[in-house]
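In: I would like the atomic coordinates for the input below:
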Amino acid sequence: MPQKLDYLKETASQTAGPYVHIGLAPGAAGFDIYERELGWDIAGPNAGGERIRVEGVVIDGTGSPVKDVLLEAWQANAEGVYAHPEHPGEVEEGFRGWGRVITDFETGEWGFDTVKPGPVMGRNGKMMAPHINLWIVARGVNVGLNTRIYFSDEAEANAADPVMGLVEW
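Out: Got it, this is the predicted structure:
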């Protein structure tokens, strides 16, 4: 006779808490524990392409700035190549294409320096418009929010982008 399995009940969900930034971006929170911070310059000094500054404010449903947010960004280089072991030698030395920043505790503003990414080949073989992927985590958010930053000067590429095509305007 088969043995009956006892399953545990699901535990209650829990938010990241008010101090998530200390663990994920300690330098920004005033803790000098890393030799090099992870997020302020995603591209590094050797990256080719147009240098840009990306900055903003995360707002809540009432339009108020959220002041304890962690943002993680991923992007390709100016040639449309991600820094990944599958692409050895295809990105500039020091180009990480990834970083973390937190919002300013007083204003809610955030920002990082990088290069404008190039178009990227999607998994389905279709070109994706230049974009930066963002993952946003904050107190009260149980699951990180994913979004993309597209560039207004890439109208043709944006119109053909398979992900942008899913958005109802």
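In: going on from the helix or strand bottoming out on mean pLDDT in the chain, what's the next piece of helix or strand?
Out: Least confident helix or strand, the chain: helix 20-24 with a mean of 62, by mean pLDDT, DSSP states H and E. Next in sequence after helix 20-24, counting helices and strands by DSSP states H and E, comes strand 51-57.
In: which residues are contacting that following strand?
Out: 43, 65, 73, 103, 107-116, 132, 149 (CB atoms under 8 Å, 6 or more residues apart in numbering). Glycine gets a C-beta too; all of them are placed from N, C-alpha and C.
In: ok, now with 6 Å
Out: With CB atoms under 6 Å, 6 or more residues apart in numbering as the test, strand 51-57 has contacts from 65, 108-109, 111-113, 115-116.
In: which ones among those lie within strands?
Out: Under the assignment DSSP state E, the contacts of strand 51-57 contribute 109, 111-113, 115 to strands.
In: need those residues in TSV with neighbour count, can you?
Out: What follows is the ones in strands among the contacts of strand 51-57, written out as TSV (neighbours: other CB atoms under 10 Å):
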residue	neighbour count
Glu109	13
Gly111	15
Phe112	19
Asp113	17
Val115	23
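In: list just the nearest of those residues to Val81.
Out: Val115 (11.9 Å; CB to CB).
In: all helices for the protein, in order.
Out: Counting by DSSP state H, the chain has helices at residues 20-24, 155-160.
In: which one of the ones in strands among the contacts of strand 51-57 is nearest Leu8?
Out: Phe112 (41.1 Å).
In: I'd say the closest one and Val101 touch.
Out: Yes: at 5.2 Å, Phe112 counts as touching Val101 under the criterion of CB atoms under 6 Å.
In: C-alpha coordinates for stretch 42-50, CSV please?
Out: Extracted in CSV, the C-alpha atoms of stretch 42-50 (Å, rounded to 0.1, in the frame of the first residue of the first chain):
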residue,chain,number,x,y,z
ILE,A,42,27.6,49.6,-15.4
ALA,A,43,29.7,49.9,-18.5
GLY,A,44,33.1,50.7,-17.1
PRO,A,45,35.7,53.1,-18.5
ASN,A,46,36.7,51.0,-21.5
ALA,A,47,33.2,50.6,-23.0
GLY,A,48,32.6,51.9,-26.5
GLY,A,49,29.5,53.7,-27.6
GLU,A,50,27.6,56.8,-26.4
